[in-house]
Every structure is written in structure tokens, then in C-alpha cells.
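Trainee: could you look at this predicted model? Sequence included:
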Amino acid sequence: MCCLVEIAMTVWGIVTLVQGRFFLTRDKIVRGTWAYVIGGLLTATLPVVLGLGFFVGLVLTVIRGREPTVEELLPLSILDVVVVTVILSAVVVIAVMKGKPVGPESTPTQSEVGPPVPPPVDTNNPYQSPSPRPDAPRDR
């Protein structure tokens, strides 16, 4: 059952990494760098749990000199739940701290910034295209 949660977290993390945004609620969203951090944490859940399980099994095999039985490994299955809980808690804390209300993108539009500034003209460069006349009509 817990493996389904880990798979869901991994898929959710991949979607977050691709989109670059993470919806905590309908009204709160995380964008940019922190969304990528959240996506990385969510994506890393399954590899971390599998690696931890492999490591614990390997250590128990080396210590006991034989493969551990299911009864010996059952108490250690709590590690799976602990890893998932820690990662989900970190994701929620980051999203609550860095989330912003849903709204338009924070990047300014061209009308807010102004017209683009043309590059400087080098009169010594014969290959540079001629600059437009200042009184010529602009294409919009």
C-alpha cells in the first residue's frame, strides 16, 4: 500500500519538475526554484526508500550471515513510513512558506516595461544592417 503512495509522489514530482509549479491548494501555488526543489524531493522518494531497503537488507545479511526472514524485516517496515512522512512534511512546509496566491505571472509585460531598446550602431562595421529611421512607422 505504501508503495502506491511512493509511486504517486514520484509521478507528482515529475509533473512538478516539468511544469515548474506546485499547487498546494486551489488558491496557493509555488513557482520557480522552490517548485523545482519540491519536485526533486517528491521524485526522490521512491529511490530513497528502495535504496534504504536494499541497504538494510544487505547489512542484516552481512551481520547474520544469511538472508533475513520476513518476520525479521517486518519491524523495519516502519522506515518506509518514516521516509514518506519526512519528505511529505518537508514538501508541505516549503509550500506553505514559499507559496503565493494564485494570480497572473509575476513577469512584467512588454507594455509595462516599454519599447525594446535597439542595439548600438557601429559605424565602422560594414556588415551591420542599417538602423531604421526614427520617423519610420513601426510594425505592431
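Mentor: Noted; the coordinates are in hand.

Trainee: so residue 17 sits in a helix?
Mentor: Yes. Under the criterion used here (DSSP: H, G, I helix; E, B strand; the rest coil), residue 17 sits inside a helix.

Trainee: who's the closest spatial neighbour of it, skipping the chain neighbours?
Mentor: For residue 17, the nearest residue in space outside its immediate sequence neighbours is residue 39; the separation is 3.7 Å by C-beta to C-beta, 6 or more residues apart in numbering. Using the backbone N, CA and C atoms, a C-beta is placed for each residue, glycine as well.

Trainee: which elements pack onto the helix or strand where the one you found lies?
Mentor: Here residue 39, judged by DSSP states H and E, is contained in helix 33-64. Under the contact definition 3 or more C-beta pairs under 8 Å, 6 or more residues apart in numbering; DSSP states H and E, helix 33-64 sits against helix 2-19, strand 21-23, helix 70-73, helix 78-98.

Trainee: show me what counts as buried in the longest one.
Mentor: Which is helix 78-98. Residues of helix 78-98 classed as buried: 80, 83, 84, 87, 91, 94, 95, 98 (neighbour count, 16 or more other C-beta atoms under 10 Å).

Trainee: ok, so of those residues, who is nearest residue 68?
Mentor: The shortest approach to residue 68 among the buried residues of helix 78-98 belongs to residue 80, at 15.5 Å (C-beta to C-beta).

Trainee: find the nearest non-adjacent residue to residue 13, please.
Mentor: Ranked by C-beta to C-beta, 6+ apart and with sequence neighbours excluded, the top spatial neighbour of residue 13 is residue 42, at 2.8 Å.

Trainee: before I go, just wanted to say thanks for your time.
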